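Chemist: Below: sequence and its predicted model.
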Amino acid sequence: MRWMGRLGFIGGILLLSACSVQQEKAPTLKSAELSESEQQLLQAGGSDYSYVYDLEMNDTDAEMIELTVEHYKKGKKVEDAAGFGSYFPTGEEVDSNTNRLVFAAASFSGVVERNGEAEQQETHQRFVLTHLNGGGSSSTSRLIEDEGATVLAGMGRGGTMHLEFDQPVKLAALFKHTHSEFSVPGSLFEDNEEEFLEKIADFEHVYVFSIKLLDQVPEKFQ
């Protein structure tokens with residue numbers, strides 16, 4: 001029976017080796033720093049919060065990447081506040097396997113004249129989602145319903161993440177709250193969905209930036 005134990009041990013080693021090789025070939029996402037030119041562009045646009053990530057495809061073929069901002073109220077998802085699908089560049093002119101993703105958000109308001117009198121315009125939240133390396137970019141302005149709330153905190157995910165097709169990954173979050181004292185939940189992005197919703201249940205508004213790698217183009221983008 002000793003030989004059966006040895007075979008099981010060898011099989012376990014081979015399985016671990018195969019998983020390690022598969023993980024090395026999987027696309028990886030790493031938090032990065034904004035370049036000087038990127039910082040200047042975001043500052044010119046009045047960005048309050050920004051997060052940047054480098055996506056290494058590692059020779060993995062993918063059709064497109066989907067970037068989304070999900071809006072939650074009191075722990076319940078309301079809608080996708082912003083988002084777009086970006087194709088991966090192809091052709092001999094593409095000499096890099098690295099893609100850069102930039103998420104930015106800014107609050108702004110203005111004064112409009114109505115009936116000869118100046119009135120304060122309602123506050124808007126603008127999200128900018130960018131996929132660099134020829135993939136494309138998109139931005140949208142969103143009306144914020146909670147005028148009394150303020151963007152009090154933002155947090156982004158660090159470290160290295162391995163991506164799988166059709167599996168969304170949460171990367172960053174913005175918290176809008178009316179209370180002046182609160183603490184940002186810890187380990188938010190590593191939690192499962194139930195724990196995640198439980199941790200954000202006390203906040204009036206939470207905006208979550210997420211990414212999803214796609215091996216096929218969804219019907220909504222066709």
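Modeler: Noted; the coordinates are in hand. The structure presented is a predicted model; accordingly, all values stated were derived computationally and were not measured.
Chemist: going forward, measure contacts and count neighbours with C-alpha atoms only.
Modeler: Noted.
Chemist: Distance check, residue 168 against residue 50.
Modeler: Going from residue 168 to residue 50 by Cα to Cα, to the nearest Å gives 20 Å.
Chemist: more crowded one of the two?
Modeler: residue 50 (21 against 16; other Cα atoms under 10 Å).
Chemist: Show me what the more buried one is bridged to.
Modeler: Beta-bridge partners of residue 50, counted by DSSP bridges, are residue 104.
Chemist: does it really touch residue 101, like I thought?
Modeler: No. Contact criterion Cα atoms under 8 Å: residue 50 and residue 101 do not qualify, at 10.6 Å.
Chemist: shaky segments in the chain?
Modeler: 1-24, 90-97, 109-123, 134-139, 141, 143-149, 151, 180 (pLDDT under 70).
Chemist: can you do 90?
Modeler: Along the chain, the parts satisfying pLDDT under 90 run over 1-27, 29, 31-52, 54-68, 74, 79-163, 174-193, 202-205, 215-222.
Chemist: Can you show me the strands along it?
Modeler: 28-31, 49-56, 64-73, 76-87, 98-108, 111-114, 117-120, 124-132, 136-143, 150-156, 160-162, 169-177, 205-214 (DSSP state E).
Chemist: ok, residue 106 to residue 57 distance?
Modeler: Shown here: residue 106 relative to residue 57, a distance of 30 Å by Cα to Cα.
Chemist: Specify the beta-bridge partners of residue 64.
Modeler: Here residue 64, judged by DSSP bridges, has bridge partners residue 87, residue 214.
Chemist: ugh, wrong one, residue 165
Modeler: Residue 165 forms beta bridges with residue 213, as assigned by DSSP bridges.
Chemist: Kindly provide the distance from it to residue 43.
Modeler: Distance of residue 165 to residue 43, given as Cα to Cα: 34 Å.
Chemist: now residue 222
Modeler: 34 Å.
Chemist: now residue 170
Modeler: Applying Cα to Cα to residue 170 and residue 43 gives a distance of 24 Å.
Chemist: Looking at those two, which one has more neighbours?
Modeler: Using other Cα under 10 Å, the more surrounded residue of residue 170 and residue 43 is residue 170, with 18 against 13.
Chemist: Now do the contacts for the closest residue to that one other than its chain neighbours.
Modeler: Nearest residue to residue 170 in three dimensions, chain neighbours excluded: residue 210, at 4.3 Å (Cα to Cα, 6 or more residues apart in numbering). Under the criterion of Cα atoms under 8 Å, 6 or more residues apart in numbering, the contact list for residue 210 reads 67, 68, 69, 70, 168, 169, 170, 171, 172.
Chemist: count of residues packed around the fourth one?
Modeler: The reference is to residue 70. By other Cα under 10 Å, the residues close to residue 70 number 19.
Chemist: ok, it to residue 127 distance?
Modeler: Distance, residue 70 to residue 127, by Cα to Cα: 11 Å.
Chemist: what's the answer for the second one, then?
Modeler: As for residue 68, its distance to residue 127 is 10 Å (criterion: Cα to Cα).
Chemist: ditto for the third one
Modeler: Note on residue 69: its distance to residue 127, by Cα to Cα, is 8 Å.
Chemist: got it, and the last one?
Modeler: As judged by Cα to Cα, residue 172 and residue 127 stand 12 Å apart.
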